[in-house]
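Chemist: Mind looking at a prediction? Sequence and model below.
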Amino acid sequence: MATEGNNLSEYDKDKIPNAKEFRFGIVVSEWNGEITENLCRGAIEVLLEHDVLERKIVRWNVPGSFELIYGCKKMQESYDMLDAVIAIGSVIEGETKHFDFVCQAVSQGIKDLNLQSDIPVIFCVLTDQNKQQSIDRSGGKHGNKGAEAAVAAIKMAQLRKDSRI
Ligand SMILES: Nc1c(NC[C@H](O)[C@H](O)[C@H](O)CO)[nH]c(=O)[nH]c1=O
Ligand SMILES: CC(=O)[C@@H](O)COP(=O)(O)O
């Protein structure tokens, strides 16, 4: 389902587990910082709305989206009590194929982190053709993918808890 015509921040709040007991890590890329800060704000707002305690949210910054892979891996290793990690980035296409390689690497790298660790990593990395698309998805007309990512993080933290025998 494409984002066009849908609002990423709209969801049934009654269908989200209470997240009071959970701890979350957030790793934020500094590239396109105005976009990633809006994504992070959207994510934190949703976590707090679902009773996550502010002291149970750990945030680190990394230089660019490619570094999200290492940053999330170190966060998984450093805080084994985390229930989920959210990786936040904004990749905007330029003149060269660098966009393709960064997007591919980050998506594959975060996929690998989900396979290698018991702590889920949520992919909140915008991969846009232009800045307007990024603005539209980080608090603009299509809502905020950071909010969507926080909902996913809460749901995956609950799934991880429920999956323990
Ligand atoms: N062009 C964008 C980048 N590029 C930088 C890479 O992510 C990485 O930091 C660099 O290659 C050094 O390893 N990063 C973004 O997050 N967004 C971009 O649009
Ligand atoms: C995703 C990128 O690295 C890209 O924005 C860099 O721009 P360019 O391809 O024009 O060097």
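Modeler: Here it is on my side, so go on. Ligands and ions are numbered 1, 2, ... in the order given.

Chemist: what about dumping the CA coordinates of stretch 125-134 to CSV?
Modeler: Extracted in CSV, the C-alpha atoms of stretch 125-134 (Å, rounded to 0.1, in the frame of the first residue of the first chain):
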residue,chain,number,x,y,z
VAL,A,125,14.8,5.3,6.9
LEU,A,126,13.2,7.6,4.2
THR,A,127,14.6,6.8,0.8
ASP,A,128,13.2,9.7,-1.3
GLN,A,129,13.7,11.0,-4.8
ASN,A,130,13.6,14.6,-3.6
LYS,A,131,13.3,16.7,-0.4
GLN,A,132,9.6,17.4,-0.8
GLN,A,133,8.9,13.7,-0.5
SER,A,134,10.9,13.6,2.7
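
Chemist: Pull the residues that contact that stretch.
Modeler: With CB atoms under 8 Å, 6 or more residues apart in numbering as the test, stretch 125-134 has contacts from 29, 32, 35, 39, 65, 68, 87-93, 99, 103, 106-107, 110, 137-138, 145. Heads up, the C-betas are built off the backbone N, CA and C, glycines and all.

Chemist: The residue of the chain at minimum distance from ligand 2: neighbour count?
Modeler: In the chain, the residue that lies nearest ligand 2 is G94 (2.2 Å; CB to the nearest ligand atom). By the criterion of other CB atoms under 10 Å, G94 has 9 neighbours.
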